[in-house]
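Asker: Generate coordinates for the sequence data below:
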Amino acid sequence: MADENEFEPRLGRMRSTGGKRARKYLGRVLAATNLARGGAALLGSHRKGFSGSRIGRGAGVGRILAGRGSRAAYGARRVILKASIVKLAGKGAGAAIAHLRYLQRDGTTRDGAPGQLYGADDDAVDGKAFRERWAGDRHQFRFIVSAEDGAEYEDLKPLTRRLMARVEEDLGTKLDWVAIDHFNTGHPHTHIVVRGKDQFGADLIIAREYLTRGMRERACELVDLDLGPRSAREIEAGLRAEVEQERLTSLDRSMLRDAQAGIVSTARGDAFDQALRAGRLAKLRRLGLAEPIGGASWRLAPGLDDTLRRLGERGDIIRTMQREFARRGLERAGADQAIYDPSSPDARPLVGRVVGRGLADEHADHHYLIVDGMDGRGHYVAIGKGAGLGIVPEGAVVRIDPQRAEVREADRTIAAVAAANGGRYDIDAHLAHDPSATQAFAEAHVRRLEAMRRLSGNVTREPSGQWSIAADHLERAAAHEAKLLRNGPVAIEIVSAKPLSQLVGADAATWLDRNLVAADPVVPRETGFGADLRDAQDRRRQWLIAQGLAEEARSGTTYRSDLIATLQRRELLRVAGQLSEELALPFAEAGPGARIEGVVRRRVDLVSGRFALVEKSREFTLVPWRPMLERQIGKPVSGIMRGDGTNWSIGRGRGGPAIE
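Answerer: Coordinates of the predicted model:
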């Protein structure tokens, strides 16, 4: 050595020269560092392929935590953690705002009060300020943390803050987050929303293994430190409680794992395990889900796990309905409660009063409504993704129609064109197959295929631009529609945003009036909402008679033929006068055949219905609202009034298509 103070360590066996495969010390250190942060594989690993699982912060920690094995075997406290990544582009931003607002709804605390957002240092965080900070973010993270023994915590805030501090250490960055605790279910849980930015403003990427396993293990560690491992007595008490439950339990899962061709034996394990199995099987027998076949053997019903899951969900639904009706002081016996099934062939439209709204699946953001129907029964209605529905006030009257998964005519056309062209579809083939079709018409079919490819992945676009259409394309299209129905199984129309009590004396065309003059009015039952509706109709009828809009005769009540138009015009002129003062512009009433040109400023919600405020240079008008106008607010439009509607041409002067 040139200098006795110089020293270069080399890894490996003593006196080994290493040969060509030797690696310098610095390279080994860099490899180990890369591994710790989720980079390259272990030295000598030759695993091929790229899964992306090691991309992002916390990959190395996530793998270490995931490798601990089953903690439940050692009596560790269990924590359920659900994680999701939400894109904020397009409609995602509005949905994220609605989600945060909904998390703060009434009835989420122990005493039924509205929830309060909190953060790392504050017990009260301004949700609006947090929304402003995430403006422009590409995505955000949502977590639901539910400890099995969460009810033993008087306050979940300290646990959440320690968990997020541990997560920040694992990820190596500060996080901008808010949380809110919910106590409105049998298991207290915490919702956490994390911005998709790190402390330096870069996009926050969290490794998949940390999201799926690592963070949950951190939560389990903290609960173990707080409450200690479960004792043998606690574990036994929990198992005994599962014997009589009408839901899928750990006892059921154990028997399903041990079952051979659907046959399970109680002669397994120690005396305690055998007693548990015997008791559980006796309960399943009473439910018609198991039967003894001699000795210690039992036959389990096919689809046992799915049936028990549905039973558990039904029990949760019934308890949710009872809680909501009790909160409003309404009584409903079990026979007067129903779960609305839009997929049933007998499903009919449901009209009723909204009693409550909640999250059926907080992870998937699937909502439900509880509706007090005109038929005198309380209905639980799963509505799928609720972000697009907006706010439905309690007491509002809604009409719910079932949606059907049906193959569209465009799908049949695509299949026919492809069958005539060797299983290929493109615009040229479509136009050649049907000379009467236009370019725009064929392009609409391409958009349909693109939507199916993006959402379901059951069609293929080739590099040439052609589409490869399978022989079972119609079946695939039906499966695509069924998938869409999971996010929107019903169509919801708010027929009256005002409760019945505010409709009786309203000087406007109300839902009560439209039902009174209908050719085939719906006759409500004399219980629940039906009884309230009958009373409101009787009082509304007397109000109309006093206003000279109806007459009482021996044969019944007769109404003026222009009743609806008269009441609607009264309200329209009254509200237009108020808007005229606000805008400093005169109001121009638009009659049938009138030309409408101007800029759509906003939507105006009246008792008579929704209207669009269209502003011209020197005046404004109100015309019936259409959902397609939502995207045209602030833009010029033109159209012609046609009775109760308007034929719109979007993009004035551009020859845009007319839309009813």
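Asker: does residue 96 really touch residue 88, like I thought?
Answerer: Yes: assessed by CB atoms under 8 Å, residue 96 is found in contact with residue 88 at 5.8 Å. Any C-beta I mention is one placed from the backbone N, CA and C, and that applies to glycine too.
Asker: Now do the shared contacts for these two.
Answerer: 134, 140 (CB atoms under 8 Å, 6 or more residues apart in numbering).
Asker: Show the contacting residues for residue 248.
Answerer: 305, 308-309, 312.
Asker: do the same with residue 364
Answerer: Contacts of residue 364 by CB under 8 Å, 6+ apart: none found.
Asker: rerun that using 10 Å as the cut-off
Answerer: By CB atoms under 10 Å, 6 or more residues apart in numbering, residue 364 lies in contact with 82, 84, 384-385, 486-487.
Asker: That one and residue 384, how far apart?
Answerer: 9 Å (CB to CB, to the nearest Å).
Asker: returning to that earlier point: what's the closest of the contacts of residue 364 to residue 532?
Answerer: Distance to residue 532 across the contacts of residue 364 (CB to CB) is lowest for residue 384, with 28.4 Å.
Asker: I'd assumed the closest one was in a strand, is it?
Answerer: Yes: using DSSP: H, G, I helix; E, B strand; the rest coil, the assignment for residue 384 is a strand.
Asker: What's the local residue count around it?
Answerer: 22 (other CB atoms under 10 Å).
Asker: That one is in contact with residue 367, isn't it?
Answerer: Yes: Residue 384 is within contact range of residue 367, at 7.2 Å (criterion: CB atoms under 10 Å).
Asker: list residues touching both of the two?
Answerer: Between them, residue 384 and residue 367 share the contacting residues 360-361, judged by CB under 10 Å, 6+ apart.
Asker: May I ask which helix or strand of this structure has the lowest mean pLDDT?
Answerer: strand 658-659 (a mean of 40; mean pLDDT, DSSP states H and E).
Asker: what about residue 578, which SS state?
Answerer: helix.
Asker: could you measure it against residue 587, distance?
Answerer: 10 Å.
Asker: Equivalent analysis for residue 223, please.
Answerer: Distance from residue 223 to residue 587, by CB to CB: 63 Å.
Asker: One more: residue 337?
Answerer: 48 Å.
Asker: Just give me the longest helix of this protein.
Answerer: helix 304-327 (DSSP state H).
Asker: And the pLDDT for the nearest residue in space to residue 517 that is not next to it in sequence?
Answerer: Excluding the flanking residues, the one nearest residue 517 by CB to CB, 6 or more residues apart in numbering is residue 559, at 5.2 Å. Listed pLDDT for residue 559 reads 90.
Asker: Residue 559 against residue 541, yeah?
Answerer: Yes: using CB under 10 Å, residue 559 is in contact with residue 541, at 9.0 Å.
Asker: Common neighbours of these two, please.
Answerer: With CB under 10 Å, 6+ apart as the test, residue 559 and residue 541 both reach 513, 516, 550.
Asker: now, which of those residues lie within strands?
Answerer: residue 550 (DSSP state E).
Asker: Looking at the shared contacts of residue 559 and residue 541, state which has the most neighbours.
Answerer: Of the shared contacts of residue 559 and residue 541, with other CB under 10 Å as the count, residue 513 tops at 25 neighbours.
Asker: list the contacts for it?
Answerer: Residue 513 touches 503, 506, 537, 540-541, 543-544, 549-550, 559, 563-564, 567-568, 608, counting by CB under 10 Å, 6+ apart.
Asker: repeat for residue 497
Answerer: 391-393, 395-398, 511, 605-607, 610.
Asker: in what helix or strand does the nearest residue to residue 179 once chain neighbours are set aside lie?
Answerer: The shortest distance from residue 179 to any residue other than its chain neighbours is 4.5 Å, reached at residue 192 (CB to CB, 6+ apart). Using DSSP states H and E, the element containing residue 192 is strand 189-195.
Asker: List the pairing partners of that strand within its sheet, with orientation.
Answerer: strand 139-147 (antiparallel), strand 177-182 (antiparallel) (DSSP bridges).
Asker: Relative to the whole chain's centre, how far out is the shortest one?
Answerer: Relative to the centre of its chain, strand 177-182 is centred 18 Å away, using CA atoms, centre = their mean, to the nearest Å.
Asker: all helices of the stretch 201-350 of the chain, in order?
Answerer: 208-209, 215-227, 232-242, 250-258, 271-286, 304-327 (DSSP state H, counting those that start in this stretch).
Asker: How about the stretch 1-150 of the chain?
Answerer: With DSSP H, counting those that start in this stretch as the criterion, the stretch 1-150 of the chain has helices spanning 25-36, 59-66, 92-103, 127-134.
Asker: Point out the most buried one among those helices.
Answerer: Of all those, helix 59-66 has the most neighbours on average by mean count of other CB atoms under 10 Å, namely a mean of 20.
Asker: Of residue 559 and residue 541, give the one with the bigger neighbour count.
Answerer: residue 541 (19 against 16).
Asker: I'd guessed that one sits against residue 521; true?
Answerer: No: counting by CB under 10 Å, residue 541 stays clear of residue 521, with 12.0 Å between them.
Asker: Low-confidence regions, the chain specifically.
Answerer: Where the chain drops to pLDDT under 70, the residues are 1-54, 68-75, 106-107, 112, 185-186, 331-335, 362-363, 386-391, 643-647, 649-660.
Asker: what's the domain layout of it?
Answerer: 1-49, 61-227, 233-302, 319-390, 409-487, 498-560, 565-659 (automatic domain parsing).
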